[in-house]
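> Mind looking at a prediction? Sequence and model below.
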Amino acid sequence: MQNRIHLHLLSDSTGETLENIAKAALAQFDEVDVVKHFWPMVRSEAHLERILVDVAANPGLVLFTLVNLAMRQKLEERCRSLGLPTVAALDAVTDALSGILGQQAKARPGRQHALDAAYFARVEAIQYTIAHDDGLNHHEWEEADIVLAGVSRTSKTPTSIYLANRGYKTANIPLVPESPPPAALYTLKHPMVVGLVTSADRLVQVRRNRLLSLNQAPDTDYVAEDKVKAEIAFARRIFADNGWPVIDVTRRSIEESAAAIINLFNERNSQGQAKMTEGES
């Protein structure tokens, strides 16, 4: 019998340590269908509040590495009120070292990175992502884990680089009404394609600032509100026609957008594993 659980991983750093701990622990159990909700770079109460909404909607085990005492207490109190278990993943080791060394642990997020297989996988992912930025080398997109699509200035490149640092080979493609994307985008089988959108007001502001930084005229079709709205509508039609998931980045940081994409990726893989299990039974 297969058990399905939601596992929320909250970290104030990249979350690699936490993810490795969870992976090692889960390896001790058979036939467990895990839906991972990955939340890296949790360093503000506003970010934590948004995460707690998802935790409440998808109750499960909450595993965390947060050094900020106020945020830890808030997380633990809220989870306690929801009847959800929480585990501070590094507390036991940190307390033991503190006792032996006679020192108080410093509340510093982060960790040292070992030159292991995971490190080299990240390097490979970064190299791939840089080589497939902004629609480049679309004939190699099938090798990607994730493909991001969206109109200009929807944070595709920085989000791709962040995902690459997490070990995901990521390509991205700008959607331009006057220049349709290559047909390869619609025939991908392995990668998960995700659409990025933002509000027209926000997009106009970002584009205008971009033009000003380049000493270019700030009044062009590139920042005309009606043209921008038409671009966004064009992109949304493509997303809807192909059934791709969409992330609204209007009020999200790069880290939050990447976390949402990773959650989608994990859920997709979990569903794929479930289908394989059903086919074998």
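Yep, that arrived.
> CA atoms for contacts and neighbours, from now on please.
OK.
> Tell me the buried residues in the helix or strand containing Ile161?
For Ile161, the element it lies in under DSSP states H and E is helix 156-165. Neighbour counts over helix 156-165 (16 or more other CA atoms under 10 Å) mark 156-157, 159-165 as buried.
> And the furthest pair within these?
Taking every pair in the buried residues of helix 156-165 and measuring CA to CA, the maximum separation is 14.4 Å, between Lys156 and Asn165.
> Quick check: chain neighbours aside, which residue is closest to Val228?
Ala200 (6.2 Å; CA to CA, 6 or more residues apart in numbering).
> roughly how far apart are that neighbour and Val206?
10 Å (CA to CA, to the nearest Å).
> Looking at these two, which one has more neighbours?
Neighbour tally, Ala200 and Val206, criterion other CA atoms under 10 Å: the higher count belongs to Ala200, 20 against 15.
> what's His6 sitting at in phi/psi?
phi -100, psi 130 (degrees, to the nearest 10).
> returning to what we had before: want to throw the buried residues of helix 156-165 into TSV with pLDDT?
As requested, the buried residues of helix 156-165 are arranged in TSV below (pLDDT from 0 to 100):
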residue	pLDDT
Lys156	96
Thr157	94
Thr159	96
Ser160	96
Ile161	93
Tyr162	93
Leu163	95
Ala164	93
Asn165	88
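> of those residues, closest to Arg237?
Using CA to CA, those come closest to Arg237 at Lys156, 18.3 Å.
> and that closest one, how far is that from Leu136?
Lys156 is 13 Å from Leu136, by CA to CA.
> Could you tell me which residues touch both of these two?
Ile173 (CA atoms under 8 Å, 6 or more residues apart in numbering).
> closest to Arg4 among the buried residues of helix 156-165?
Leu163 (26.1 Å).
> That closest one contacts Thr170, doesn't it?
Yes - if you go by CA atoms under 8 Å, Leu163 and Thr170 touch, sitting 6.9 Å apart.
> count of neighbours near the closest residue to Leu212 other than its chain neighbours?
Nearest-residue entry for Leu212: Pro218, 6.3 Å, with adjacent residues in sequence omitted and distances by CA to CA, 6+ apart. Close neighbours of Pro218, defined as other CA under 10 Å, add up to 17.
> With Leu82 instead?
Neighbours of Leu82 (other CA under 10 Å): 13.
> Please report the distance of it from Glu76.
Distance from Leu82 to Glu76, by CA to CA: 10 Å.
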